[in-house]
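Engineer: sequence? don't have it. structure:
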Ligand code: MG
């Protein structure tokens, strides 16, 4: 952890980490929902006769849905989708998602949040999701962790990941923090890119089928195989953050 923090500080020209908040991505970090997203997108594309690559939607995860839909239309039909098509495709994908999603949390995330709260860090949610009832669902599964004030969702952003905008907005919602006052937990290449471009210490947790290399290439400062592995390193990260300065 010492090496990782030192390298982050030097690269981003900060003298120290002054941790106040943790920015959590949602799909693949809080919820084990990515298999259902992939299946639902693939099935929707089959119905619309738009060809998608295997694991395409793991790779595109984090991108606003309308951009994903336009990308598939451009690739297959050499044109953008109409507003009506965007609505219809997204509606069908959402229906299939709710049929396929188990609603399960990622193994170990409750422990992560417990450690974060014990250390008086503010948890902030930064997701591209625009699911209806998201706050209620989160509050049911993880009571009193995320409030409406500390969530960045599809409704808050204009550009979306991989642009740094969502994570910069997360820092703002955490109390106008600077990038060295938080760290990010992300599972997806575009999310890692977004956090990295916001100059925040980015911890990639590879909870899906993609190669580790794509997360490293996207700019992850450190890579973990699971949330349980991260939980073992988290106390060390918090300790070292307090003492390392460059
Ligand atoms: Mg994710």
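Structural biologist: Good, I have the coordinates. Owing to the predicted nature of the structure, the values given are computational and were not obtained by experimental measurement.
Engineer: Quick check: nearest residue in space to whichever residue of the chain sits closest to the ion, chain neighbours excluded?
Structural biologist: The chain approaches the ion most closely through residue 28 (3.7 Å), counting by Cβ to the ion. Quick note: C-beta positions are derived from backbone N, CA and C, even for glycine. In space, and not counting its chain neighbours, residue 28 is closest to residue 187: 3.5 Å by Cβ to Cβ, 6 or more residues apart in numbering.
Engineer: The one you found and residue 15, how far apart?
Structural biologist: According to Cβ to Cβ, to the nearest Å, residue 187 stands 30 Å off from residue 15.
Engineer: can you check residue 165 too?
Structural biologist: 26 Å.
Engineer: and if you look at residue 118?
Structural biologist: Distance, residue 118 to residue 15, by Cβ to Cβ: 26 Å.
Engineer: now do residue 99
Structural biologist: Using Cβ to Cβ, residue 99 is found at 51 Å from residue 15.
Engineer: Looking at residue 187 and residue 15 now, which is surrounded by more residues?
Structural biologist: Legend: neighbour count by other Cβ atoms under 10 Å for residue 187 and residue 15, higher for residue 187 (26 against 11).
Engineer: Residue 202 is in contact with that one, correct?
Structural biologist: No - counting by Cβ atoms under 8 Å, residue 187 sits too far from residue 202 to count as a contact (11.2 Å).
Engineer: Would you mind giving the domain segments of this structure?
Structural biologist: According to automatic domain parsing, the chain comprises the domains 2-32+105-243, 34-100.
Engineer: Give me the distance between the two termini of the shortest one.
Structural biologist: One end of domain 34-100 to the other measures 10 Å (Cα to Cα, to the nearest Å).
Engineer: Let the chain start at 25 from now.
Structural biologist: Let's use 25 as the start, then, which means that last one is domain 58-124.
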